[in-house]
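J.: Here is my input, please return the structure:
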Amino acid sequence: MIILGMDQDQQWLVNCLNASLDPNHQVRTFAETSLQQASLQPGYGVALAGVAANRELPFGLRQLAAVLLKQYIKKHWNEDEEGFEHPVVARNEKASIRGLLLALLDDPYKKMCTAVSVAVSTIAQYDWPDDWPELLPFLLSLINDQTKLNAVHGALRCLVLISSDMDDKMVPKIVPVLFPCLHTIVSSPQVYDKCLRSRALSIVYNCTSMLGVMSGVYKTETSSLMLPMLQPWMEQFSSILRHPVPSEDPDDWSIRMEVLKCLNQFIQNFPAIAETHFVVIVGPLWHTFVSSLEVYKRSSIEGVEDSYDGRYDSDGAEKSLESFVIQLFEFLLTVVGSPRFVKVVMNNVKELVYYTIGFLQVTEQQVHTWSLDANQYVADEDDNTYSCRVSGALLLEEIITSCGMEGIDAVIDSVKRRISESQLEKDNGSPGWWRLREATLFALASVSEQLLEAEVSGPTIGNMLEQILTDDVATGVHDYPFLFARLFSSVAKFSSVINNQVTEHFLYAAIKTIGMNVPPPVKVGACRALSQLLPDATRGVIQHHALDLFSSLTELLKNASEETMHLVLETLQAAVKAAHEVSASIEPVVSPTILNMWASHVSDPFISIDALEVLEAIKNAPGCIHPLVSRVLPYIGPILSNPQQQPDGLVAGSLDLVTMLVKNAPIDVVKAVYQVSFDPVVRIVLQSDDHSEMQNATQCLAALVSGGKQDMLAWCGDPGFTMRSLLDVASRLLDPDLESSGSLFVGSFILQLILHLPSEMAQHIRDLVTALIRRMQSSQISALKSSLILIFARLVHLSTPHVEQFIDLLVSIPAEGHRNSFAYLMLEWTRQQGEVQGAYQIKVTTTALALLLLTRHVELGNINVQGLLIKSEAGITTRSRAKLRPDQWTLMPLPAKILAILADALLEIQEQVDADNEQDSDWEEIQNGDAGDNENFLYSADATLHNRPTYEYLDAMAKAFNEDQEDGCEDELLCAADPLNEINLVNYLHESLAKFSESDKPFFQHLFQSLTKPQQNAIELVLR
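T.: Sure, this is the predicted structure:
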């Protein structure tokens, strides 16, 4: 292709670009290599911009040049940017490229304009405003010119991208200039089409979002900025929402969606000033809501009109009716969730719920998809999808949360109305009657927890559901599969308020259904019902139907797809746990199937974990552990002995399986597992380079030590060999040159050695401490450091009553870059303590710090550690600012820091007590009413009316701590084995602080003065 007026270099570039589109692979590859080499030469970016700007060239070629230019800018424009590649674009070339790009913003091709806009916005991130001051005036001049709508489109597209990445310095400067121009566009439908007006609203949304972020720091300034602009915008929003929502008009849906996004920002970020003008949009908003349901019914539910699902505009924004309705629900969710705005909808809350239920009906597309793909049905039912049903259900939950009994009454009233309507449709022969019935049951299920908590609604719901269930169970399961599925899940959700006979009838029906030839959604519903009903079922039900139940479930499992497999495994787990003494008879039926399932999906973490949990339930069932272990060990032994020959994931998965079998197992089972697995597992740790295998092998050995204890040393006939093997494992895992992830679980392993083999470990303490320090210094993972700190904390406890000797040991061991190992350890420990998770871990580390403080060892006074964060200048911390000014901290003496950590521990416990206060009055009962009305008694100097806290008071705090942390103990072996887990943390801290304050009052007072006021109040409380 020869283009007149082009120089030789430009002609070469055009030919090269053409060749890069050639269907011949060799020609295309050569052209791509040539372009890559050319990108390293001066003038390449300008040449690309020139090709893109040449409107005589074919559109495809120009678009390719624009895309390549965008990539070139990202790689070569800014040397500080991640992913930068040399050479950097010269200043004169940058100016030329910027000029050529701005001239392209009026291109008639929208895709071309989008590519150019992205390039302009990318440059703006680096150059604007300092090196490109003319950018904003130029864009404003384009959007103000009503005669060049292509240019308006290009400028608005640019501004959408630029405004999404502006910081708190730029937004306040441009909003007063930009918003009037945007308002002119939005308020001129006779000049600008809906696409352009939508884009203008996107810019308003981006700027308002940043102002909202700023309002936390600059509340007065941002409110003053928005105040004069709010009324005209609210009036304009009202004008857009006032008209009924039209069918098959995605541009109208899009502009309404942008209005709702802006409104969301207004009332979230500027509620005080938005409240005054909110009344203007209430009527139009309601009109939009009601009229959109009619359009949604025709387009999405009935499928007789186009809903534009899965379609996007030229900028990549979704233009479907579903996305608009979801945005509508999101805004209503904000309104209902705001104490300031919810009162506006209170008078119409019943109508709001009534119409919301209408939106929850299954769409025609969902019927089609779910009928063909049970996987998708399960995934959508799990609330993991972005859909109108999920959004509507969230709104119903928020209505009850915010409106209380009025919200509950609204739900029950609307459910009754919708049930009556669906019955009328059914009686009139309407084929879609079941949709409204299913949507009503779905609505009830989505708020089941809230309804059941409000006990007054229990009988009403129970009676209503029993009637519905009795009526609908007689309908054809093949004709209305989704209604049947919902009936099953409804019984499960509301079993506590439904007659036992009805519940048992549906339990029998669910057991029968999973073995029948019925549509997959019905089996899904039956499995969900079984998962929730079996735990409370009577033993007689399980005994009479056990064989049918487990045979059907195992058969279902063999034919299950990935999503349904999870559900069937979950149901099997519930069935095994409910089977009690029947379990031994079904173990031969279930275990082989689950083991095969586990083996074939061992590389899938979700399915393999589910299968493992079923096997664990079988192991824990009466009479099942020995046959299960006998079944597993012959299979597992060869895998662990020949790890290099196994498929990916099988070795790591087998180690998980062995660990599960050993935990809490009888000693004979532990011994049997040891004899098959100990040597291979040790070899895996010592020889493997696979970190997941090393992690699982470490956990497996920790479980063996925990289960075998001292007896384990004699099981191979040579106690010395076993101990050496264990120490070799510790040595490999503590190697400072090993990648941190390989050592991740070394902490649990070493703690088991210390707890269960103390005399054997005592002679290696100095070497162990040295290795721990070196491993900690090279660690790149915070969780690994925390686990190593836990070991040191446990060693502190083991050294009592001579903790100072352990400090002396640490002081005598050097640590690279630090005064000694003790100085390094305390620097890391005090920095990491706030990241420690789990009740056991927090107890051990916190109480160990108290023990260290009580020694008043001279070395404590020689160490300074990280203190408080030094606050930078006011403003929002952007990524660029964070790079330039990383966080800085004060230094504080170690004793003061430890005292602060102990006070923080008390504060955290008190926060949990406060949370409990909000839920019930237990605390007031403990304090006999003296705590006052929701007073924060730790932060108040006169919090308690007595001279010292009562034991009941401290027990309540300790109880709150344990309840808060009960799910936090990741290592159940440690929780069960270590007597320190029984420590009452609050009492321990009370006694330690009292002892410390009495031992040297002047020193204590000196440290006390360095604490924050809340920390001081916390300590004063327990010392009274």
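
J.: Helices of the stretch 801-950 of the chain, residue ranges please.
T.: Assigned helices in the stretch 801-950 of the chain, in chain order: 803-812, 821-832, 839-855, 879-884, 894-919, 922-926 (criterion: DSSP state H, counting those that start in this stretch).

J.: Where does the prediction get shaky in the chain?
T.: Low-confidence regions of the chain, defined by pLDDT under 70, span residues 1-6, 314-315, 383-385, 455-459, 871-887, 914-976.

J.: mind redoing it with 50?
T.: Low-confidence regions of the chain, defined by pLDDT under 50, span residues 1-5, 874, 878-880, 919-951, 965-970.

J.: Tell me where it has strands.
T.: Using DSSP state E, the strands found in the chain span residues 864-870, 888-893.

J.: who does the longest one pair up with?
T.: So the one you mean is strand 864-870. Paired neighbours of strand 864-870 in the sheet (DSSP bridges): strand 888-893 (antiparallel).

J.: Pull out the buried positions in the strand it pairs with.
T.: Within strand 888-893, the residues scored as buried using 16 or more other C-beta atoms under 10 Å are M892, P893. To be clear about C-beta, it is placed using only N, CA and C from the backbone, and glycine gets the same treatment.

J.: Tell me what angle that strand forms with helix 894-919.
T.: Here the directions of strand 888-893 and helix 894-919 differ by 110 degrees (axes from the mean of the first three to the mean of the last three C-alpha atoms, to 10 degrees).

J.: what is the orientation angle of strand 888-893 with helix 821-832?
T.: 130 degrees.

J.: just how off-centre is strand 888-893 within its chain?
T.: Here strand 888-893 is found 33 Å from its chain centre; the criterion is C-alpha atoms, centre = their mean, to the nearest Å.

J.: now swap in stretch 543-559 and tell me
T.: Computed by C-alpha atoms, centre = their mean, the chain-centroid distance of stretch 543-559 equals 35 Å.

J.: Can you tell me what sits against that stretch?
T.: By C-beta atoms under 8 Å, 6 or more residues apart in numbering, the surrounding residues in contact with stretch 543-559 are 508, 511-512, 514-515, 523, 527, 530, 542, 565, 568-569, 571-572, 575, 579, 582, 585-586, 589-590, 593-594, 597.

J.: rewinding a little: of all the helices of the stretch 801-950 of the chain, which one is nearest D648?
T.: helix 839-855 (32.5 Å; C-beta to C-beta).

J.: domain ranges for the chain?
T.: According to the TED database, the chain comprises the domains 7-22+42-129, 823-870+883-913+946-1023.

J.: can those domains go into a markdown table with extra columns for distance to K619?
T.: Shown next, in a markdown table, are the domains of the chain (distance: least, C-beta to C-beta, whole Å):
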| stretch | distance to K619 |
| --- | --- |
| domain 7-22+42-129 | 49 |
| domain 823-870+883-913+946-1023 | 14 |
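
J.: Nearest to S630, out of those domains?
T.: domain 823-870+883-913+946-1023 (24.0 Å).

J.: and that closest one, how far apart are its ends?
T.: Chord length of domain 823-870+883-913+946-1023, first to last residue, is 30 Å (C-alpha to C-alpha, to the nearest Å).

J.: just how off-centre is that domain within its chain?
T.: Computed by C-alpha atoms, centre = their mean, the chain-centroid distance of domain 823-870+883-913+946-1023 equals 29 Å.

J.: ok, S740 - contacts?
T.: S778, S779, Q780, I781, L784.

J.: How about the contacts made by the fourth one?
T.: This means I781. By C-beta under 8 Å, 6+ apart, the contact set of I781 is S740, S741, L744.

J.: can you check the second one too?
T.: Going by C-beta under 8 Å, 6+ apart, S779 touches S740, S743, K785, L788.

J.: Could you tell me which of those residues belong to helices?
T.: K785, L788 (DSSP state H).

J.: which one of the contacts of S779 is nearest I870?
T.: K785 (23.5 Å).

J.: Just give me the neighbour total for the closest one.
T.: K785 has 21 neighbours, counted by other C-beta atoms under 10 Å.

J.: which non-adjacent residue is nearest it?
T.: Closest residue to K785 apart from its sequence neighbours, by C-beta to C-beta, 6 or more residues apart in numbering: S779 at 5.2 Å.

J.: From M826, how far off is the one you found?
T.: 16 Å (C-beta to C-beta, to the nearest Å).

J.: thought Q376 was touching W370?
T.: Yes - distance between Q376 and W370: 6.1 Å, which falls inside the contact criterion (C-beta atoms under 8 Å).

J.: Looking at these two now, which is surrounded by more residues?
T.: The neighbour comparison of Q376 against W370 (other C-beta under 10 Å) goes to W370, with 23 against 16.

J.: how far away is that one from Q10?
T.: Taking C-beta to C-beta, one finds W370 at 56 Å from Q10.

J.: what's the distance between E739 and S141?
T.: From E739 over to S141 the distance is 57 Å, taken as C-beta to C-beta.

J.: With H287 instead?
T.: Distance from H287 to S141, by C-beta to C-beta: 38 Å.

J.: likewise N347?
T.: Going from N347 to S141 by C-beta to C-beta gives 48 Å.

J.: Could you do V769 as well?
T.: From V769 to S141 the distance is 71 Å (C-beta to C-beta).

J.: When these two are compared, which one has more neighbours?
T.: Counted by other C-beta under 10 Å, V769 and S141 do not tie: V769 has more neighbours, with 21 against 13.

J.: Please give me every residue in contact with V669.
T.: I625, H626, V629, L661, V662.

J.: and what of F1003?
T.: Per C-beta under 8 Å, 6+ apart, neighbours of F1003: R856, P895.

J.: Give me the distance between it and L853.
T.: Applying C-beta to C-beta to F1003 and L853 gives a distance of 11 Å.

J.: anything in contact with each of these two?
T.: P895.

J.: Near the closest residue to F359 other than its chain neighbours, how many other residues are there?
T.: Using C-beta to C-beta, 6+ apart and skipping the chain neighbours, the partner closest in space to F359 is G392 (4.8 Å). Other residues near G392 come to 28 when the count uses other C-beta under 10 Å.

J.: so G392 touches V353, yeah?
T.: No - the criterion here is C-beta under 8 Å, and G392 misses it with V353 at 9.9 Å.

J.: what separates V811 from I765, distance-wise?
T.: 15 Å.

J.: do the same with P588
T.: For P588 relative to I765 (C-beta to C-beta), the value is 49 Å.

J.: Comparing those two, which residue is more hemmed in?
T.: Higher neighbour count among P588 and I765: I765, with 15 against 12, using other C-beta under 10 Å.

J.: Buried only: go through the contacts of stretch 543-559 for me.
T.: Neighbour-count burial (16+ other C-beta under 10 Å) applied to the contacts of stretch 543-559 gives 511, 514-515, 523, 527, 530, 542, 565, 568-569, 571-572, 575, 579, 582, 586, 590, 593-594, 597.

J.: which residues does F179 contact?
T.: V204, C207, M229, W233.

J.: is it possible to export the residues you listed to TSV including distance to L534?
T.: Output for those, formatted as TSV (distance: C-beta to C-beta, whole Å):
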residue	distance to L534
V204	54
C207	54
M229	59
W233	56
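
J.: which one of those is nearest K897?
T.: C207 (43.4 Å).

J.: Tell me which of the strands of the chain sits nearest to Q501.
T.: strand 864-870 (62.8 Å).

J.: OK, contacts around L1023?
T.: R948, H990, L993, A994, S997.

J.: what about the last one, how many neighbours?
T.: Put plainly, it is S997. Neighbourhood size, S997 [other C-beta under 10 Å]: 17.

J.: Was I right to think it contacts F1004?
T.: Yes - here S997 lies in contact with F1004, judged by C-beta under 8 Å, at a distance of 4.4 Å.
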